[in-house]
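Q: below are the sequence and a predicted model; questions follow.
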Amino acid sequence: MNKLADDCFNQVEDLMSTAEALAVLRDRIVTVTQDRLEQLPLAQAQGRILAADVTSALDVPPHDNSAVDGYALRHEDLEPDGPTRLAVQGRSAAGHPFEGKVTAGQTVRIFTGAVMPTGADTVVMQEDVEQVAGYLTIPPGLKLGANRRHQGEDTKQGDVVLRRGRRLRPQDLGLAASVGHGALTVYRPLKVGVFSTGDELAEPGAALPVGSVYDANRQILMALITGLGAEVSDLGILPDDADAVRAGLDGAAKTHDLLLTSGGVSVGDEDHVRGAVEALGHLNFWRLAIKPGRPLALGQVGGAAFVGLPGNPVAATVCFLRFARPLILGLAGAVDLDPVLYRVTADFDYEKKAGRREWLRARLDCAAGRGPRAVLFRPLGSGIINSLVQTHGLVEIPEDVTQVKAGEPVDFLSFDEVAS
Ligand code: AMP
Ligand code: MG
């Protein structure tokens, strides 16, 4: 980013706000994997995106059952004001229902998850009773229907339990299993190719030539994309050379749904990505009223979508999480694209320019007895990779705010929400 561009930062009317950018993104996104479906067993479906609603074929639980270990009985047999004595006759264990019927004065030994015997409507916990020689003494006060779970209280037959476009979480797989589905229809993974750009970049593990830095962005970005359930190709480093960038993007566009680059998108002499994308396809916009991160390029190269992230690692990561992530999820078929921001208390004073949105890395201090306080990481520079590592997430400060004072509420985007 050169000096002149920095000065131009004040002219926010020339820039696009985060909300506008996200609205444009939403507008342009189509599910490119629409016709690429596969059936996956539940054990392989974690993190994938559902391509069809999941409907329950049965009530869950399928039968009334006991919530505790105890004794099933007829509530009407209980004395309202004193202890009741009932004969223990029969047993209902999980998976082994009692075949008979509970009649007046009887009780059936029952265990958690076991089917409620016919005739019984209430369960008394074993801890609350005394059993002597086949007879149970029950203290007064047990409520009608106590400790009894009802058929269908979790899910009713015919309920849509998971909707198309949902990214499957572990508990979703459990719910699908509970309603009888052993496999789910999901979209095939989005194919995403990741390039780094810059003559100064070297591969970690190799020797570092004078003037070079190791390529950090590609590792961050590839791992983030894998975490979204997409299939990532490592496309290496593009040199600062117009023809090479163009050839690299052109070739990769044929086999990927989305190409992602970092670096090379500002207006320096060595920033060739923008020109290459414009020559090969379209560039929708590239100037955002944000910090860190400007510039950001979004467009198309042939049949592939294109995102050009800034080069500085923090800027690349922030822009990925806020802009590329929803794009990737949307292209892959997900419905819920926006991360949840939590309100925390600022533990810092901060001043900023009006008109742009800023993200600051912060650690959450959750001292006992009070809510989380966001402690800023310093230095603030967008090249400081440690600022991403030694923190829990990003404080997001909206455009109109010019000052944050310690003790005020701020929005917080947790890395656990978007980057794990
Ligand atoms: P650029 O946008 O290409 O001018 O890059 C901005 C800054 O980010 C420069 O200091 C680059 O060296 C640095 N940078 C670009 N790409 C990477 C990368 N993949 N890993 C680490 N630093 C990078
Ligand atoms: Mg560069």
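A: That came through, no problem. Numbering: from 1, shown residues only. Ligands and ions are numbered 1, 2, ... in the order given.
Q: just the pLDDT at Thr197, thanks.
A: As predicted, Thr197 sits at a pLDDT of 97.
Q: residues in contact with stretch 153-161?
A: 53-61, 175-176, 178-179 (Cβ atoms under 8 Å, 6 or more residues apart in numbering). The way it works is simple: take the backbone N, C-alpha and C, and place the C-beta from them, glycine included.
Q: and that stretch, how far out from the chain's middle?
A: 24 Å (Cα atoms, centre = their mean, to the nearest Å).
Q: for it, what does the pLDDT average out to?
A: 98.
Q: just stretch 340-349 next, same as before
A: 97.
Q: off-centre distance for it?
A: That offset, for stretch 340-349, works out to 20 Å (Cα atoms, centre = their mean).
Q: how near is the residue of the stretch 201-350 of the chain found nearest ligand 2 to Leu309?
A: Relative to ligand 2, the nearest point of the stretch 201-350 of the chain is Gly263 (3.9 Å; Cβ to the ion). Separation of Gly263 from Leu309 (Cβ to Cβ, to the nearest Å) stands at 8 Å.
Q: looking at the two, which is more packed in?
A: Between Gly263 and Leu309, counted using other Cβ atoms under 10 Å, the more crowded position is Leu309 (30 against 27).
Q: related to what we said a few turns ago, sort out for me which of the contacts of stretch 153-161 are in helices.
A: Counting by DSSP state H, the part of the contacts of stretch 153-161 found in helices is Leu175, Ala176, Ser178.
Q: dump those residues to JSON lines, plus distance to ligand 2 and pLDDT.
A: JSON lines is the format used below for the ones in helices among the contacts of stretch 153-161 (distance: Cβ to the ion, whole Å; pLDDT from 0 to 100):
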{"residue": "Leu175", "distance to ligand 2": "47", "pLDDT": "98"}
{"residue": "Ala176", "distance to ligand 2": "46", "pLDDT": "98"}
{"residue": "Ser178", "distance to ligand 2": "51", "pLDDT": "98"}
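Q: where along the protein do the helices fall?
A: Using DSSP H, helices in the chain cover 3-7, 18-28, 170-178, 217-227, 242-253, 273-280, 313-319, 325-331, 386-389, 415-418.
Q: what residues does the stretch 151-300 of the chain put near ligand 2?
A: Contact residues, the stretch 151-300 of the chain versus ligand 2 (Cβ under 5 Å from the ion): Gly198, Gly263, Gly264.
Q: how many neighbours does the last one have?
A: Gly264 sits with 26 neighbouring residues when counted by other Cβ under 10 Å.
Q: ok, it - contacts?
A: Gly264 neighbours (Cβ under 8 Å, 6+ apart): Thr197, Gly198, Leu238, Asp240, Val245, Glu270, Asp271, His272, Val273, Arg274, Gly308, Gly311.
Q: which residues does the third one bridge with?
A: Listed beta-bridge partners, Leu238: Thr197 (assigned using DSSP bridges).
Q: what's the neighbour count on it?
A: Neighbours of Leu238 (other Cβ under 10 Å): 25.
Q: how about the second one?
A: One way to gauge burial is a neighbour count; for Gly198, by other Cβ under 10 Å, it gives 20.
Q: cool, the first one as well?
A: Taking other Cβ under 10 Å as the criterion, the count of residues near Thr197 is 29.
Q: how about the fourth one?
A: Asp240: 19 surrounding residues under other Cβ under 10 Å.
Q: list the contacts for it?
A: So Asp240 contacts Thr197, Gly198, Asp199, Gly264, Glu270, Asp271, His272 (Cβ under 8 Å, 6+ apart).
Q: repeat that for the second one.
A: With contact taken as Cβ under 8 Å, 6+ apart, Gly198 is in contact with Ile237, Leu238, Pro239, Asp240, Gly263, Gly264, Glu270, Gly311.
Q: low pLDDT regions in the chain?
A: Residue ranges of the chain with pLDDT under 70: 1-14, 285-286.
Q: okay, domains of it per the record?
A: 18-36+188-332, 39-57+161-187, 65-149, 342-412 (automatic domain parsing).
Q: and among those, the most buried is which?
A: Looking across the domains of the chain with neighbours counted as mean count of other Cβ atoms under 10 Å, the highest average goes to domain 18-36+188-332: a mean of 20.
Q: what's the separation between the residue lying closest to Ala244 once chain neighbours are set aside and Gly100?
A: Nearest residue to Ala244, sequence neighbours excluded (Cβ to Cβ, 6 or more residues apart in numbering): Leu238, at 6.0 Å. Distance of Leu238 to Gly100, computed by Cβ to Cβ: 77 Å.
Q: let me see the contact set for Glu200.
A: So Glu200 contacts Gly211, Ser212, Val213 (Cβ under 8 Å, 6+ apart).
Q: ok, which of these also contact ligand 1?
A: Val213 (Cβ under 6 Å from any ligand atom).
Q: nearest to Leu228, of the contacts of Glu200?
A: Val213 (26.5 Å; Cβ to Cβ).
Q: looks like the closest one contacts Leu201 (just checking).
A: Yes: at 6.6 Å, Val213 counts as touching Leu201 under the criterion of Cβ atoms under 8 Å.
Q: re the thing from before, would you format the contacts of Glu200 as TSV with distance to Glu396 included?
A: Putting the contacts of Glu200 into TSV (distance: Cβ to Cβ, whole Å) gives the following:
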residue	distance to Glu396
Gly211	35
Ser212	33
Val213	28
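Q: right, is stretch 310-328 up against ligand 1?
A: Yes: counting by Cβ under 6 Å from any ligand atom, ligand 1 is contacted by stretch 310-328 at Pro310, Gly311, Asn312, Pro313.
Q: hmm, Ser196 and Arg218 touching each other?
A: Yes: at 4.7 Å, Arg218 counts as touching Ser196 under the criterion of Cβ under 8 Å.
Q: next, show the common contact partners of the two.
A: By Cβ under 8 Å, 6+ apart, the residues touching both Arg218 and Ser196 are Gly236, Ile237, Ser262.
Q: Arg363 versus the second one, what's the distance?
A: The spacing between Ile237 and Arg363, counted by Cβ to Cβ, is 32 Å.
Q: what's the answer for the last one, then?
A: In this structure, Ser262 lies at 25 Å from Arg363, with Cβ to Cβ as the measure.
Q: bridged to the nearest residue to His392 once chain neighbours are set aside, which residues?
A: Residue nearest to His392 in three dimensions, not counting chain neighbours: Leu364, with 4.6 Å by Cβ to Cβ, 6+ apart. Beta bridges link Leu364 to Ala374, judged by DSSP bridges.
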